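[1] Quick one, what's the 3D model for this:
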Amino acid sequence: MTNNDNQQAITTALSQSVHDRLIFRAVQPTDIPRCHEIEKASYPPDEAASKSQLQYRQHHAAPFFRCAFLIDDNGFGNTGGGRNSGTDHTPLTQTHNDPFSPMSSTSTQASVSYRGRAASVQSTVRGTIIGYICSTRAASFTEEAMKSHDPRGMLLAVHSVVVEKKYRNMGVASAMIHDYISAMERLNRGNSLKVKMEKLVLIAKKDLLGFYVRNGFRAMKLSDVVHGKDPWFDMERDLESAKEQEEEKTRHFHECYLVDAFADPEREGSGNPAGVVLLKGPPGKTDKNCVYNERLDNGDDDDNSLDDIAEDVEIDTTTKPEKSGISPRGLEWMAVVAKEFNQAETAFVWPVQMPTLDISTPAPSGYAIRYFTRTGVEVDLCGHATLASASVLLNSKEKKDAKDNRITFYAKHDVLQADLLVTPTNCTNQSNTQISLSTPNASRIAMNFPWKNVTPVPTGENGAEAVLDMLSRAFFKAGCSSSGKEVESALTSRFVKFFSGKNESNPCPFSSEHVLHIGTTDGKEDLFLELTEEGFDLLRGIDVDHDALARGWDGYSRGVIICCCASQGSSPENIAPVDFRSRFFGPKVGIDEDPVTGSAHCSLGPYFGLKLGKTTVVGRQESERSGLVECTLKQEEGRVNIVGTAVTTISGHLAIRI
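    Prediction:
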């Protein structure tokens, strides 16, 4: 181990020891000599505050003068007061064996905190002040205004942030700033201040800009204040007010909805229910001030380990837009909420700025959208959750007032457009079925999704034969090469009918005249199986072995689509006729059988549209709930308009905090 490594290890161990014994409190009049001692040792004579200046600040602005107090080893006791070799005795509240018991509130004079919590102890503790921050209030950020304390000033002007030399590089300065900001915001939320404070302001030398920026300050410009011989820079940090605190509380109560997507308007309880959560921004995104790093034991953020700043750095007074992103906590939070909703998918949406090239044309509303399953797994695209989200947003008062019937979603890999349809579409070569609305809380939404082709799976034991074997095991609990004796008696006749093609005319054990096409969608996302309508019906009403679907063939990554063309007499009574029928299983993303899957129609629509020679086709996904999906093909654009009905069934507020 090198000397540098040894020194780093020693520093880390010392900083851990220091932070375990560090408390923060308001400075008392008897503390001024010790504070002045640190001040003189830390600043050049032309910059250091005099003892009388410190006394003035403590007397007139006591709540804004706080110190870091280091408890001695074995420093708790009842041995009385006085000074001994620079040691103070601080009265605090002791409860049982825990010297630091959290309090619901603290008075200004007894404002003590330990490890980020308000605390109070009554026994005497021995220790010493190792740093402090002092400020006065000012009406403006000028040298003249900062000379005295103005109790009604909305700016809190910081005069000193100082740590005794031997305790630097241990994170003490960052810890003091964190405590100080928390204490000032507590004051803002309380009733003791007639005029609330808006900002912390200070001046800093160039080599400390990086340190203050990491602790939430913004560098504004070269300062007009002259203090000593070196130039200074103006810096500021917003303070949270009581109003902002209340807004912060309500910010965590997110609007949420349960929406039946691709519902059949004539049938209650149809379609695929999806959760929708509306957010104001990316979940877990940091606020306008930098978030304090609570790991203070390594000293990385302290005043002597700062970013290098180039000589030609310009201090820009304008605020650059933040880069949108989701924190790890945000992803974790969305997964937790999706599990709580316990729906096939839950969508999370928040507004984003959209670029526009034509300034004369207003850009459509833009929203980021992310999807999570009931098991907390994120998926790239989900049609029914997109439809549900579009319905909620397009029916909002804001949208209706603006007469805006279009919205754009930015998914992880796709840009999706949705339109609120006032009247049914009127296309040539379209399906004979038109979906009409009869439910008051229903909306008809058209979504512009990517076109997905179906690529045939090659024959062979690792291709089509393996798929057929998987299908047989999932539905009949036996391989398709079986003679049928291993199949449950109730399913034997279906098994024989489904695989009837392997008899005299076709002795191959891995074949079925009911399987017309085996393929995969783009990116091998879904396995695509077109059956005859008789074959499709033979598989209905069977308890499916979903594990067999998940493990039987590794040539797809998400789901299994089983589909067929629909004959005119295939629709039950009182249900509109359709062009094709389908089912969707998602064993590899935690979904047994999905009620209605919008994204599956990115391939179903084009496949049956081209097969039937139509530009618009309507499909019915058959499940316990079932639902209708209309697809309009835009082959030249490589897009599919997926149209469905969304019915909002539940609305409320989500109280799970990010």
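
[2] Show me which residues of the helix or strand containing residue 201 are buried.
    If you go by DSSP states H and E, residue 201 is part of strand 199-204. By neighbour count, with 16 or more other CB atoms under 10 Å as the criterion, the buried positions of strand 199-204 are 200, 201, 202, 203, 204. All C-beta spots, glycine's among them, are computed from the backbone N, C-alpha and C.

[3] nearest to residue 607, of those residues?
    residue 200 (62.3 Å; CB to CB).

[4] Settle this for me: the closest one is touching residue 217, isn't it.
    Yes - with contacts counted by CB atoms under 8 Å, residue 200 reaches residue 217, the gap being 7.5 Å.

[5] hey, what's in contact with both of these two?
    Listed as contacting both residue 200 and residue 217 by CB atoms under 8 Å, 6 or more residues apart in numbering are 236, 237.

[6] Including pLDDT and distance to residue 72, could the buried residues of strand 199-204 go into CSV?
    Shown next, in CSV, are the buried residues of strand 199-204 (pLDDT from 0 to 100; distance: CB to CB, whole Å):
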residue, pLDDT, distance to residue 72
200, 94, 31
201, 94, 35
202, 93, 31
203, 92, 35
204, 91, 32
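
[7] and which of the residues you listed is nearest residue 618?
    residue 200 (61.9 Å).

[8] how near is that closest one to residue 234?
    12 Å (CB to CB, to the nearest Å).

[9] circling back to that earlier point, check which element follows the strand holding residue 201 along the chain.
    Downstream of strand 199-204 (by DSSP H and E), the next one is helix 209-214.

[10] Tell me the first helix or strand C-terminal of that next one.
    Of the helices and strands lying after helix 209-214 in sequence (DSSP H and E), the nearest is strand 218-222.

[11] what packs against that following strand?
    Where contact means 3 or more CB pairs under 8 Å, 6 or more residues apart in numbering; DSSP states H and E, strand 218-222 is packed against helix 209-214, strand 233-238.

[12] what about the last one, average pLDDT?
    Strand 233-238 shows a mean pLDDT of 92 in the predicted model.

[13] by how many degrees do that strand and strand 199-204 diverge?
    Angle, strand 233-238 to strand 199-204, by axes from the mean of the first three to the mean of the last three CA atoms, to 10 degrees: 160 degrees.

[14] How far away from the center of its chain is strand 233-238?
    On the basis of CA atoms, centre = their mean, to the nearest Å, strand 233-238 sits 29 Å off its chain's mean C-alpha point.

[15] Keeping just the C-alphas, turn that strand into CSV.
    Written as CSV, here are the backbone C-alpha positions of strand 233-238 (Å, rounded to 0.1, in the frame of the first residue of the first chain):
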residue,chain,number,x,y,z
PHE,A,233,-18.3,35.4,-7.6
ASP,A,234,-21.9,35.9,-6.6
MET,A,235,-23.7,32.6,-5.8
GLU,A,236,-27.2,31.8,-4.7
ARG,A,237,-29.5,28.9,-3.6
ASP,A,238,-33.2,28.9,-3.3
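
[16] neighbouring contacts of it?
    Contacts for strand 233-238 (CB under 8 Å, 6+ apart): 141, 181, 198-206, 209, 212, 215-223, 225, 288-289, 315.

[17] Apply 7 Å and report the result again.
    The contact list for strand 233-238, computed with CB atoms under 7 Å, 6 or more residues apart in numbering, reads 141, 199-204, 206, 209, 212, 216-223, 288-289, 315.

[18] And for stretch 53-66?
    Contact with stretch 53-66 is made by 24-27, 29, 32, 35-36, 39, 108, 132-137, 149, 156, 159, 179-180, 183, 187, as judged by CB under 7 Å, 6+ apart.

[19] all helices of the stretch 1-150 of the chain, in order?
    Per DSSP state H, counting those that start in this stretch, the stretch 1-150 of the chain carries helices over the ranges 3-20, 32-42, 51-60.

[20] before we move on, what about the chain?
    Here the chain has its helices, by DSSP state H, at 3-20, 32-42, 51-60, 172-189, 209-214, 242-251, 328-341, 383-394, 397-402, 464-476, 489-498, 533-538, 546-551, 601-612.

[21] could I get these as TSV with distance to residue 588, mean pLDDT and mean neighbour count?
    TSV is the format used below for these (distance: least, CB to CB, whole Å; pLDDT from 0 to 100; neighbours: other CB atoms under 10 Å):
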stretch	distance to residue 588	mean pLDDT	mean neighbour count
helix 3-20	45	59	13
helix 32-42	62	94	17
helix 51-60	65	95	17
helix 172-189	45	91	22
helix 209-214	43	90	20
helix 242-251	36	58	12
helix 328-341	17	93	17
helix 383-394	17	93	29
helix 397-402	36	70	11
helix 464-476	13	92	22
helix 489-498	24	84	16
helix 533-538	22	95	19
helix 546-551	6	93	17
helix 601-612	17	96	23
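
[22] so which of those comes closest to residue 562?
    Across those, closest to residue 562 is helix 533-538 (CB to CB), at 6.8 Å.

[23] was I right about residue 514 contacting residue 534?
    Yes - in terms of CB atoms under 7 Å, residue 514 counts as a neighbour of residue 534; the distance is 6.4 Å.

[24] what do these two both touch?
    By CB under 7 Å, 6+ apart, no residue touches both residue 514 and residue 534.

[25] Any regions of the stretch 1-150 of the chain where pLDDT drops low?
    Applying pLDDT under 70 to the stretch 1-150 of the chain picks out residues 1-16, 74-111, 113-124.

[26] can you give me the strands in it?
    22-26, 65-77, 88-91, 101-102, 112-114, 117-120, 124-138 (DSSP state E, counting those that start in this stretch).

[27] mind listing what the nearest residue to residue 653 once chain neighbours are set aside touches?
    Using CB to CB, 6 or more residues apart in numbering and skipping residues adjacent in sequence, the residue nearest residue 653 is residue 253, 4.5 Å away. When contacts are counted by CB under 7 Å, 6+ apart, residue 253 touches 653, 654, 655.

[28] quick one: pLDDT of residue 253?
    According to the model, residue 253 carries a pLDDT of 79.

[29] Show me the beta-bridge partners of residue 650.
    As for beta bridges, residue 650 partners with residue 258 under DSSP bridges.

[30] Settle this for me: it is touching residue 258, isn't it.
    Yes - Residue 650 lies in contact with residue 258 (CB under 7 Å); the separation is 3.9 Å.

[31] Compare these two (neighbour count), which wins?
    Per other CB atoms under 10 Å, whichever of residue 650 and residue 258 has more neighbours is residue 258, with 18 against 11.

[32] Thought residue 264 was touching residue 629, still the case?
    No - counting by CB under 7 Å, residue 629 sits too far from residue 264 to count as a contact (10.5 Å).

[33] any idea how far residue 442 is from residue 328?
    From residue 442 to residue 328 the distance is 38 Å (CB to CB).

[34] what about residue 517, neighbour count?
    The burial count assigned to residue 517 is 15, neighbours taken as other CB under 10 Å.

[35] And for the nearest residue to it once chain neighbours are set aside, the neighbour number?
    Leaving aside its chain neighbours, residue 517 sits nearest to residue 530 (4.0 Å; criterion: CB to CB, 6+ apart). For residue 530, the count of nearby residues is 24 (other CB under 10 Å).
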